[in-house]
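Participant: can't give you the sequence, but here's the structure:
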C-alpha cells in the first residue's frame, strides 16, 4: 500500500480487528503464542488486497517509493538510496506473483509468522500453504531472471 493511502487502509484494518476480535480464539491456532500475529496478518493481507483491486479498477499505478525524496534528505544518502532501490525491486517482483503465493511469502519469510498460522489466516491446509511458498519462491526466481535480462539490454 502506498504511503498516501496507508492511513485509509490502516483504518480499515482496525475496523476489521474490532469486528473480528470477539470471535478470535488463540487456543485454536497451532502455535497460540503467534496466533495474534497470524490473525492480524490475515486481516492486513485482505485489506491490502482489496485496496489493490480497487486501485486496479480505477486504473491507478501503485508506487512504493512515495516518500523516497523525503528519505533521501537524511544521513547515509547512499545507503538509503540503495535500500529504497532494493525495496522497489522487491516490490516489483512480488507484484508479479499470484496473490496467495505473495501473501504466504510475505507472512512466512518476511514477517516470520508460523506456517500453521499463515495457513489458518488464509483458509488453506498447511501443506497447500507450504506448496504456495515453494511455488512463490520459484516464481520470484523467474521474475528476478526476467528483470535481470531486461536490465542487461
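Facilitator: That came through, no problem. Here the structure is a predicted model, which means the values were calculated and not measured. Residues are numbered from 1 along each chain as shown.

Participant: residues near the nearest residue to residue 17 once chain neighbours are set aside, how many?
Facilitator: Take residue 17 and drop its neighbours on the chain: the residue closest to it by Cβ to Cβ, 6 or more residues apart in numbering is residue 43, 6.1 Å away. Glycine gets a C-beta too; all of them are placed from N, C-alpha and C. Residue 43 has 18 neighbouring residues, counting by other Cβ atoms under 10 Å.

Participant: confidence score at residue 43?
Facilitator: Looking at residue 43, its pLDDT is 87.

Participant: which outside residues touch the helix or strand harbouring it?
Facilitator: In this assignment (DSSP states H and E), residue 43 forms part of helix 35-58. By Cβ atoms under 8 Å, 6 or more residues apart in numbering, the surrounding residues in contact with helix 35-58 are 1, 5, 8-9, 12-13, 16-17, 20, 24, 26, 28-29, 61-62, 99, 103, 106-107, 111, 113-114, 117-118, 120-122.

Participant: give the residue farthest from the middle of the chain.
Facilitator: Note on the chain: the largest C-alpha distance from the chain mean falls to residue 153, namely 29.9 Å (Cα atoms, centre = their mean).

Participant: distance of that residue relative to residue 123?
Facilitator: Separation of residue 153 from residue 123 (Cβ to Cβ, to the nearest Å): 41 Å.

Participant: cool, and residue 85?
Facilitator: Going from residue 85 to residue 123 by Cβ to Cβ gives 35 Å.

Participant: mind jotting down where the strands sit in the protein?
Facilitator: With DSSP state E, there are no strands along the chain.
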